[in-house]
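The sequence isn't on hand, but the structure is:
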DNA sequence: TATTATTCTGTTATCGATAACATATTTTAA
DNA sequence: TTAAAATATGTTATCGATAACAGAATAATA
């Protein structure tokens, strides 16, 4: 590999002069500039960011710690994150925790060893607090997305889960549903708790008894709804829910598949509403869900990285920011259903 | 930050001894081990991979250079890549080129400066040859996925585009279609050429005249099919295609949206077949495409990283491997259509 | 017992870059 | 004309780790 020393020798200057040329710092005569430039061209020099990082203590690398890149929500987050990072001269390391605390802890160790400048993360659950404290202890800035962690004060980009859940549930009520099930994520994740709160309060306000057999807690993961769906279907006809509120996209899709496997037609025989988009047909026929609360996932990533870099570069306000993005409601029209 | 020097001082040994403890290398007395271990625990040492990389010339970081992580095909590639990388102790840097050569070149420079150990990439097009040569010149191992580049001999993981295209086209013929359009990707991408070859040869074998007005070349990008669809729809009823072969998932989805915007019902009034899955409903009603050639995207990433690391670690065979994965055909059944 | 091999630890140099300081030359201002 | 400021370049130390070499102490062998 060609180093500044090789360039220095070839150009008959000191390595420091080469360094100055590369960084456009300090004074330099036109002639020296030309000499150095020529040597760099001839030898094909490429700076070693590694060596630079060692002394500057900045890697210009960020870590994106999400639960699963194949979840379209996080795919868009990642895209937003990468776009903003590139724009500001940073690179992104990708990690999937699979909602798994020990995997998350693993990655946190790697994050520390790699000396990334900051972390954008969607915590696996409330227990993540220990990982966040570890980052804090090592002064690694981080921004949380999608999920809040009690006892950690930090920049935060969330969706309004409560409000979205209320609207989805209200929509089902308006459609005449009274037996509404909820397929929720795990209670150790803040969004799951908020969505449940929205669901329950809406039903309570409508004076509707909540049957605990209608509430199921599974993972926010691919293909996890089958057992819960069977549970619902095993109920007596009179107790069986006529609609399901799925707490995220994966749950909704899994539920739809499970229902169809059991010969239950969606939406004819079971209405589904959910958080997140179901791409690529959101709000397009053939519709799938009667309503969805679409989150601006790209912005989560884009803003998250922006906040993170501001924090890293000391340009952020002293107090932490908490952004709550409103989900955009999509309601299937009769027309889209019929078509 | 705590360094091995801090540990050394605290444990009353030399830094080299600490390094030996960390790397489990050389001889070491039990007592020294205990002392070092204790100091590490007390001070909370985290190794600096950066410093290690500087001397070892290995970063344990790989670059994943794809066109767009939001394309579900590449999302799965990324997931497969990350899984394998983690398993083998590597990290993944994510980059999106957007099928854009200058962005790709940009990233290649960053790759070189970052001293990543290798690159898994889906080249933006034939012109990528210059970027690949640049990697070669700097002895950075790379593996290509999805797209082949003439004149570059390297490990390669492809889908059988020709065969998939033949089967898709044959399916349309069997369904009775005679006016079959192709919405292809750019000719400077190998998969586009191969898919076109499959399409054309199938039609030729069936003695069907190929109307050049039915062949449109657009980008393998989101939402790029609208103009081409209008072109098709502007043809006289007798010349208008009754089916469209979309060369990838993005093109198919965009085409379906465009058709619906023009009031053309899919699939009732226009049949679509395409390469890649249309998640999350592939082969599930409500169907969208009459047939699709689904590629094992996860494996592209997983195997790609495996090959790459073998190459990096000198465990790969001397001659380059060329893997051609067969797409899995999905045909919508009458039943799924009727539902 | 003398000699060689094994075990254990330390010292010095190095990876590639930059910060901090030093020196020399030229320019500007007093 | 001379001191001070601006320009131009070089030297040394350092970031945090490890490779290579060296020197003890102990154990094994002849």
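Cool, got the structure. In this text, all values refer to a predicted model and were calculated from it rather than measured experimentally.

Strands along chain A, start to end?
With DSSP state E applied, chain A shows strands at A:61-66, A:91-96, A:118-121, A:142-145, A:155-159, A:180-184, A:215-217, A:243-246, A:271-275, A:291-294, A:322-325, A:328-331, listed in chain order.

Could you pull out the helices in the stretch 101-250 of chain A for me?
A:101-114, A:129-137, A:161-174, A:190-205, A:226-233, A:249-261 (DSSP state H, counting those that start in this stretch).

picking up where we left off before, could you dump the strands of chain A to TSV with mean pLDDT?
Below are the strands of chain A laid out as TSV (pLDDT from 0 to 100):
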stretch	mean pLDDT
strand A:61-66	98
strand A:91-96	98
strand A:118-121	98
strand A:142-145	98
strand A:155-159	98
strand A:180-184	97
strand A:215-217	97
strand A:243-246	96
strand A:271-275	94
strand A:291-294	92
strand A:322-325	97
strand A:328-331	92
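
Out of those strands, which is the most enclosed?
strand A:243-246 (a mean of 29; mean count of other CB atoms under 10 Å in any protein chain shown). To be clear about C-beta, it is placed using only N, CA and C from the backbone, and glycine gets the same treatment.

which strands and helices sit next to that one?
When contacts are defined as 3 or more CB pairs under 8 Å, 6 or more residues apart in numbering or on different chains; DSSP states H and E, strand A:243-246 packs onto helix A:161-174, strand A:180-184, helix A:249-261, strand A:271-275.

rewinding a little: return the most buried member of the helices of the stretch 101-250 of chain A.
For the helices of the stretch 101-250 of chain A, the highest mean count by mean count of other CB under 10 Å goes to helix A:249-261, at a mean of 23.

re earlier: so which of the helices of the stretch 101-250 of chain A is nearest residue B:47?
helix A:101-114 (5.3 Å; CB to CB).

okay, now residue A:186: neighbour count?
18 (other CB atoms under 10 Å in any protein chain shown).

before we move on, the earlier item: mind putting the strands of chain A into JSON lines with distance to residue A:307?
Converted to JSON lines, the strands of chain A look like this (distance: least, CB to CB, whole Å):
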{"stretch": "strand A:61-66", "distance to residue A:307": "12"}
{"stretch": "strand A:91-96", "distance to residue A:307": "15"}
{"stretch": "strand A:118-121", "distance to residue A:307": "9"}
{"stretch": "strand A:142-145", "distance to residue A:307": "5"}
{"stretch": "strand A:155-159", "distance to residue A:307": "5"}
{"stretch": "strand A:180-184", "distance to residue A:307": "28"}
{"stretch": "strand A:215-217", "distance to residue A:307": "31"}
{"stretch": "strand A:243-246", "distance to residue A:307": "30"}
{"stretch": "strand A:271-275", "distance to residue A:307": "23"}
{"stretch": "strand A:291-294", "distance to residue A:307": "22"}
{"stretch": "strand A:322-325", "distance to residue A:307": "8"}
{"stretch": "strand A:328-331", "distance to residue A:307": "22"}
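
Go through the ones you listed and name the closest to residue A:39.
Nearest of those (CB to CB): strand A:91-96, 27.7 Å.

Between strand B:61-66 and that closest one, find me the angle.
With axes from the mean of the first three to the mean of the last three CA atoms, to 10 degrees defining the directions, strand A:91-96 sits at 90 degrees from strand B:61-66.

Of all the helices and strands packed on strand A:243-246, which one is nearest residue B:292?
Nearest to residue B:292 among those is helix A:249-261 (17.3 Å), distances taken as CB to CB.

Which elements pack onto the closest one?
Going by 3+ CB pairs under 8 Å, 6+ apart, helix A:249-261 lies up against strand A:180-184, helix A:226-233, strand A:243-246, strand A:271-275.

export those to a markdown table and tack on distance to DNA strand C?
Conversion of those to a markdown table gives the following (distance: least, CB to the nearest atom of the strand, whole Å):
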| stretch | distance to DNA strand C |
| --- | --- |
| strand A:180-184 | 51 |
| helix A:226-233 | 54 |
| strand A:243-246 | 51 |
| strand A:271-275 | 46 |
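
Any chance of a markdown table for these, columns distance to residue B:299?
Converted to a markdown table, the helices and strands packed on helix A:249-261 look like this (distance: least, CB to CB, whole Å):
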| stretch | distance to residue B:299 |
| --- | --- |
| strand A:180-184 | 31 |
| helix A:226-233 | 25 |
| strand A:243-246 | 29 |
| strand A:271-275 | 30 |
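
weakest of the helices of the stretch 101-250 of chain A in terms of mean pLDDT?
Among the helices of the stretch 101-250 of chain A, helix A:249-261 has the lowest mean pLDDT, at a mean of 92.

first to last residue in stretch A:35-55, what's the distance?
Taking CA to CA, to the nearest Å, stretch A:35-55 runs 26 Å from one end to the other.

contacting residues around that stretch?
Contact with stretch A:35-55 is made by A:1-4, A:6-7, A:10-13, A:17-18, A:21-22, A:59-60, A:115, B:48, B:50-51, B:53-54, B:59, B:109, B:112-115, B:137-138, as judged by CB atoms under 8 Å, 6 or more residues apart in numbering or on different chains.

For whichever residue of the stretch 151-300 of chain A sits closest to DNA strand D, give me the pLDDT.
Proximity of the stretch 151-300 of chain A to DNA strand D (CB to the nearest atom of the strand) peaks at residue A:154, 24.9 Å away. Residue A:154 is assigned 98 on the pLDDT scale.

State the pLDDT value of the closest residue to it other than its chain neighbours.
Spatial nearest neighbour of residue A:154, chain neighbours left out: residue A:320 (5.4 Å); criterion: CB to CB, 6 or more residues apart in numbering or on different chains. Per-residue pLDDT puts residue A:320 at 98.

who touches residue A:320 in this structure?
Contacts of residue A:320 (CB under 8 Å, 6+ apart): A:153, A:154, A:155, A:156.

got the helices and strands packed on strand A:243-246 as a markdown table, with distance to residue A:32 columns?
Formatted as a markdown table, the helices and strands packed on strand A:243-246 follow (distance: least, CB to CB, whole Å):
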| stretch | distance to residue A:32 |
| --- | --- |
| helix A:161-174 | 60 |
| strand A:180-184 | 67 |
| helix A:249-261 | 59 |
| strand A:271-275 | 61 |
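
Nearest to residue B:253, out of these?
That would be helix A:249-261 among the helices and strands packed on strand A:243-246, by CB to CB, at 16.4 Å.

wait, does stretch A:62-76 make contact with chain B?
Yes. Using CB under 8 Å from any CB of the partner chain, stretch A:62-76 reaches chain B at A:64, A:68, A:69, A:70, A:72, A:75, A:76.

Looking at these, spot the one nearest DNA strand D.
residue A:64 (24.1 Å).

so who does that closest one touch?
With CB under 8 Å, 6+ apart, residue A:64 has these contacts: A:77, A:78, A:81, A:92, A:93, A:94, A:95, A:119, A:120, A:121, A:301, B:94.

show me the contacts for the fourth one.
Residue A:92 sits next to A:61, A:62, A:63, A:64, A:78, A:81, A:82, A:85, A:305, B:93, B:94 when contact means CB under 8 Å, 6+ apart.

Tell me what the first one is bridged to.
Beta bridges link residue A:61 to residue A:91 when assigned by DSSP bridges.
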